[in-house]
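K.L.:
Sequence plus the predicted model coming up.
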Amino acid sequence: MLTGVEREKFELNSIFFGGGTPSLMPPQIVAALIDRASGLFTLAEQCEITAEMNPTSVEIAKLKQFADAGINRVSVGIQSLDPDGLNFLGREHSTEEALSALDGAQHYFDSVSADLIYGLPNQTAANWSHQLDRILSFGLSHLSCYQLTIEPGTVFHTRARQGDILTADDDDVADLYLITDERLKAAGLPGYEVSNYARPGKESQHNLNYWRSGSWVAVGPGAHGRLSTPKGRLVMENRKSPDGWLADVSANGQGCQHQTIETSRQSFEDYWMMGLRLNEGVPWPAPAALGGNDYELNTYWLDVFSAEGWLDLTSGYLRATLQGRLRLNTLLAHLLSDQHSDLRDQGQ
C-alpha cells in the first residue's frame, strides 16, 4: 500500500511483535522479519524492537535466541504474582515461572517490562502492595499495571452477565490505582500514562506513538494500522484469519481487509481519548490535521474540570491530573459532548 518512495520517507522508531504469543515464533522468523523491515524502511538509530512473551518454560528457553535475532526489549505477561490471582485469570504459568522469566529476561535485555493486573474480586491493598514490592525487587525499567476490565466476547463477560462478581468495588480499585502511582513513583518509575510506569528514558516508544496519534503500519493477521495522509488518517484493518490473510498476501501482495479515511471528527476524538491518557497531556488545541480547525472541546466542562483540579492547561498542553485520570472516561464523555446542548441543559 506504500510506494517505494513513501517507504523511504517512513522511519521506523519501533517494531512490536505482539498480539498474543509472538515469542512462540521460531527466532529465525523474527530475524528475517526485522531484516525485511530494515530493507523496506529506514530504521531509526535507536529503534525499539519489542516482543511480548508469556512466562512459560518454552518461551524462557528462547530468550537468548530472540536477543540474537534483534529483539532489544521484551514485555513479559506476568499478570499476577499471586497463585490465586493467576488461577482466577486462567493463566497457565506459575508464580515461580514468572519470577524465573523476569530473571532470565534481564540477563539478555537492557529493557524489560512486565504486565500486572489489579482490581480482582476482593483484592486487598496489602495483597497488591506485596505484589508490587516483589516485582520492584527486580529493578525493572518499565511496568504496565492494568485494571481488570470485562471485555465482550470473553468467558469473563459471559460470567458477568450471569451475575458473577468478577471485579473489585470501584472505590477499592481507585485506592489500588493510587497505591500503584505512589509506590512506583517512590521506586523511580513515575507514571507516564494511565497504566504505564517507567524509569526516565525507558518509556515504551511504540505505545507513545499510539497515544500521540502517530502513524503505524499494520503487519500480520488481525493487525490494525494508522497512516497520516494528505486526505486524512488512513485506517487499516487486516484479515483476522491467518489462512485468509496468507491467501490475500499471496494473491494481492497484502492482507488488508478494510481501508478507510477517518472523518475529521473521528480524528479529533481519537486525539483526545488517546492523548489525555498521557501524564504530560497533549498540545491544546488539537492540530488542524486532527480536527483542530473543525472542532473544539466543550469549554463549559473544560472550565468545570479545571476548577475541580482534574485538568491542567499549562504551556499549551492540556493534561489530566492524577485525580482526573481516575475519572478519565467521565471527563472525556463531557469534553467531547455538544456544548450547545449542555448549555441548554444548564439553562444558559
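P.N.:
Yep, that arrived.

K.L.:
which helices and strands does the biggest strand by length in the chain pack with?
P.N.:
Ranked by residue count, the top strand of the chain under DSSP state E comes out as strand 42-53. If you count contacts as 3 or more C-beta pairs under 8 Å, 6 or more residues apart in numbering; DSSP states H and E, strand 42-53 packs onto strand 11-17, helix 27-40, strand 73-79, helix 205-211. C-beta coordinates here come from the backbone N, C-alpha and C atoms, glycine included.

K.L.:
Tell me which of the ones you listed sits nearest to T167.
P.N.:
strand 73-79 (14.7 Å; C-beta to C-beta).

K.L.:
now the closest one: how far from the chain's centre is it?
P.N.:
13 Å (C-alpha atoms, centre = their mean, to the nearest Å).

K.L.:
Which elements pack onto the helix or strand immediately after that strand in the chain?
P.N.:
Following strand 73-79 in sequence order, the next helix or strand is helix 83-89 (DSSP states H and E). On a contact count with 3+ C-beta pairs under 8 Å, 6+ apart, helix 83-89 meets strand 73-79.

K.L.:
Give me the contact list for the strand it packs on.
P.N.:
18, 23, 48-55, 63, 66, 85-86, 89, 91, 98, 101-102, 105, 109-117, 135, 142, 144 (C-beta atoms under 8 Å, 6 or more residues apart in numbering).

K.L.:
the inter-axis angle of it versus strand 11-17?
P.N.:
Put simply, strand 73-79 runs at 40 degrees to strand 11-17, going by axes from the mean of the first three to the mean of the last three C-alpha atoms, to 10 degrees.

K.L.:
all strands of the chain, in order?
P.N.:
Using DSSP E, strands in the chain cover 11-17, 42-53, 73-79, 111-118, 142-147, 191-193, 196-198, 224-229, 232-238, 256-261, 282-283, 311-314, 317-320.

K.L.:
State the mean pLDDT of stretch 94-114.
P.N.:
Mean pLDDT, stretch 94-114: 94.

K.L.:
May I see the buried residues of that stretch?
P.N.:
Buried residues in stretch 94-114, counting neighbours by 16 or more other C-beta atoms under 10 Å, are found at 95, 97-102, 104-106, 108-109, 111-114.

K.L.:
circling back to that earlier point, next one: the longest strand of the chain to chain centre, how far?
P.N.:
16 Å.

K.L.:
tell me, which helix in this structure spans the most residues?
P.N.:
helix 170-186 (DSSP state H).

K.L.:
Which elements pack onto it?
P.N.:
If contacts are counted by 3+ C-beta pairs under 8 Å, 6+ apart, helix 170-186 sits against strand 111-118, helix 125-136, strand 142-147, strand 191-193, strand 196-198, helix 322-326.

K.L.:
what pairs with the fifth one, and is each one parallel or antiparallel?
P.N.:
Looking at strand 196-198 with DSSP bridges, its paired strands and their directions are strand 142-147 (antiparallel), strand 191-193 (antiparallel).
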